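**Q** here's a sequence, model it:
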Amino acid sequence: MRQTWRWFGPGDRVSLDDIRQAGAEAVVTALHHVPTGAAWTPEAIACRQREVATRGDGSPSGLAWEVVESLPVSEDIKRQTGDWREHVANYRTSLRNLAAAGIQVVCYNFMPVLDWTRTDLAWRLPHGGTCMRFDLVDFAVFDIHILKRGGAAADFPPEVVEAAGERFAVMDSARQRNLVRNIVCGLPGAAEQLTLDGLRAHLEAYGTLSPERLRRHLVAFLEEVVPVAEEVGIRLCCHPDDPPFPLLGLPRIMSTEADYAAVMTAVDSPANGITLCSGSLGARPDNDLPGMMRRLGSRVHFLHLRNVTREGDGIMSSFFEDEHLRGGTDMVALIAEVLREEARRRAGGRADHSIPMRPDHGQDILDDLKRHAQPGYPAIGRLKGLAELRGIMTALSHPQHGIRA
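**A** This next block holds a predicted model:
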């Protein structure tokens, strides 16, 4: 498993020096400043590669940009409206330019409007640190009483609707503003952040677009870009919905094993692959992460290893970002399946036998609480997670007791 670390560019409060000291082997990043739908130029890609390769003092960092996260898919492509054909053409150009620069793994997602959703970005934990949390009642407050989306109450269980009404009745304006800010935060590092009015406009633009139609649009997109990925040697990998259940009346199409299997079958190419995010998929009780890795592993091109603790039994539930070795996912069992897949790849002569992984998210602990890095991306919390994951990897791959081909 190739140990990588997400970096948001020169403005990231977790520096390349920090990443190097954490023991990461490579960097995951993107050109967040390039508008969605525009092509990534060779010059911009080369500039980011130089930044990754250089420490703060100008000396070589020993790191390289190996995984793109994310090369964003525009809302026009998802809806097949406006300039979507031009955006697809630009996407193909970006893939060619990335491949020419030596980058072979490109993560993307197909979530409408919001790339992830949390109601609290700094939820207080018993040990004094903080983490990100999705509170279903708070989200219902936002959807029903603040956004006032038509028909929103019908999308929640009756007890959640009742609790949301009670909570909203005692929620002051400052807490309402903070809730709105958290929910429309968007992707960390993105150039644009949605306003409440902007969110309403996006929801109206999606109208009654069904999950079936959105899936057809994803397949149509892949039919356009996967041949280019095959040609230039890039492995595309779709990130799951986060959280993996419908929100705001928007369709979700990459939330379960069946969702992934359907898309992998529809565009059956090694270049059409999976970002297996144990945290996103783990927020549903019916997702078996070790089993998914075992059954779909040949198409897994990128791993996000994190853990969440669900606070209810339903598909739609509150959850919080737990420590990497706690929560609902058996991380030891999942990593064991990853190592078995890598052993199969080595035995089969696959060049991509080492699957890049990164310690996804992390709790803000110790000096993280003063650093105020990107939400979910602290230095020490992720360092702790990477150390724990590395320990499991080392133990399971020990020459005397480990997993072999």
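
**Q** need the helices for the stretch 301-405 of the chain, in chain order.
**A** 331-347, 368-371, 379-396 (DSSP state H, counting those that start in this stretch).

**Q** can you give me how far the first one is from the chain middle?
**A** Counting by CA atoms, centre = their mean, to the nearest Å, helix 331-347 is centred 21 Å from the centre of its parent chain.

**Q** what packs against that helix?
**A** helix 289-296, strand 300-305, helix 379-396 (3 or more CB pairs under 8 Å, 6 or more residues apart in numbering; DSSP states H and E). To be clear about C-beta, it is placed using only N, CA and C from the backbone, and glycine gets the same treatment.

**Q** check contacts around the residue lying closest to residue 41 once chain neighbours are set aside.
**A** With sequence-adjacent residues excluded and distances taken as CB to CB, 6 or more residues apart in numbering, residue 41 is closest to residue 97, at 6.6 Å. By CB atoms under 8 Å, 6 or more residues apart in numbering, the contact set of residue 97 is 39-42, 45.

**Q** of those, closest to residue 24?
**A** residue 45 (20.4 Å; CB to CB).

**Q** do you know how far that closest one is from residue 255?
**A** Here residue 45 is placed at a distance of 32 Å from residue 255 (CB to CB, to the nearest Å).

**Q** those two: which is more packed in?
**A** residue 255 (24 against 21; other CB atoms under 10 Å).

**Q** surely the more buried one is in contact with residue 284?
**A** Yes: the criterion here is CB atoms under 8 Å, and residue 255 meets it with residue 284 at 6.6 Å.

**Q** quick check: neighbours shared by those two?
**A** Each of 244-245 lies in contact with both residue 255 and residue 284 under the rule CB under 8 Å, 6+ apart.

**Q** returning to what we had before: could you identify which of the helices and strands packed on helix 331-347 is most buried?
**A** Highest mean neighbour count among these (mean count of other CB atoms under 10 Å): strand 300-305, with a mean of 24.

**Q** ok, that strand: who's next to it in the sheet?
**A** Strand pairing for strand 300-305, using DSSP bridges, gives strand 272-277 (parallel), strand 356-359 (parallel).

**Q** pLDDT below threshold where in the protein?
**A** 186-194, 403-405 (pLDDT under 70).

**Q** tell me which residues are up against the lengthiest helix in it.
**A** Determined from DSSP state H, the single longest helix within the chain is helix 211-232. With contact meaning CB under 8 Å, 6+ apart, helix 211-232 is reached by 73, 77-80, 88, 91-92, 95-96, 99-100, 106, 110, 112, 234-236, 238, 251-254, 262-263, 266-267, 269-272.

**Q** list buried residues within these.
**A** 73, 77-80, 88, 91-92, 95-96, 99, 106, 110, 112, 234-236, 238, 251-254, 263, 267, 269, 271-272 (16 or more other CB atoms under 10 Å).

**Q** picking that back up, residue 50: which of the helices of the stretch 301-405 of the chain is closest?
**A** Closest among those, once you apply CB to CB, is helix 379-396, at 22.7 Å.

**Q** switch the helices and strands packed on helix 331-347 over to a markdown table; also include distance to residue 324.
**A** Below are these laid out as a markdown table (distance: least, CB to CB, whole Å):
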| stretch | distance to residue 324 |
| --- | --- |
| helix 289-296 | 13 |
| strand 300-305 | 7 |
| helix 379-396 | 4 |
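
**Q** quick one: closest of those to residue 30.
**A** Judging the helices and strands packed on helix 331-347 by CB to CB, what sits closest to residue 30 is strand 300-305, at 13.1 Å.

**Q** can you check what angle separates that closest one from helix 331-347?
**A** 160 degrees (axes from the mean of the first three to the mean of the last three CA atoms, to 10 degrees).

**Q** rewinding a little: the longest helix of the chain to strand 272-277, inter-axis angle?
**A** 110 degrees.

**Q** now helix 211-232: buried residues?
**A** Within helix 211-232, the residues that count as buried by 16+ other CB under 10 Å are 214-215, 217-219, 221-222, 225-226, 228-229, 232.

**Q** next one: stretch 136-154
**A** Within stretch 136-154, the residues that qualify as buried are 136-147, 149, 152-153, counting by 16+ other CB under 10 Å.

**Q** now the closest residue in space to residue 82 that isn't next to it in sequence: which helix or strand?
**A** Once flanking residues are discounted, residue 82 sits nearest to residue 76: 4.2 Å by CB to CB, 6+ apart. If you go by DSSP states H and E, residue 76 is part of helix 75-79.

**Q** tell me what that helix is packed against?
**A** Going by 3+ CB pairs under 8 Å, 6+ apart, helix 75-79 lies up against helix 84-100, helix 196-206, helix 211-232.

**Q** for the residue lying closest to residue 257 once chain neighbours are set aside, give me its contacts.
**A** Nearest non-adjacent residue to residue 257, counting by CB to CB, 6+ apart: residue 292, 5.0 Å away. Contacts for residue 292 (CB under 8 Å, 6+ apart) come out as 257, 260, 276, 281.
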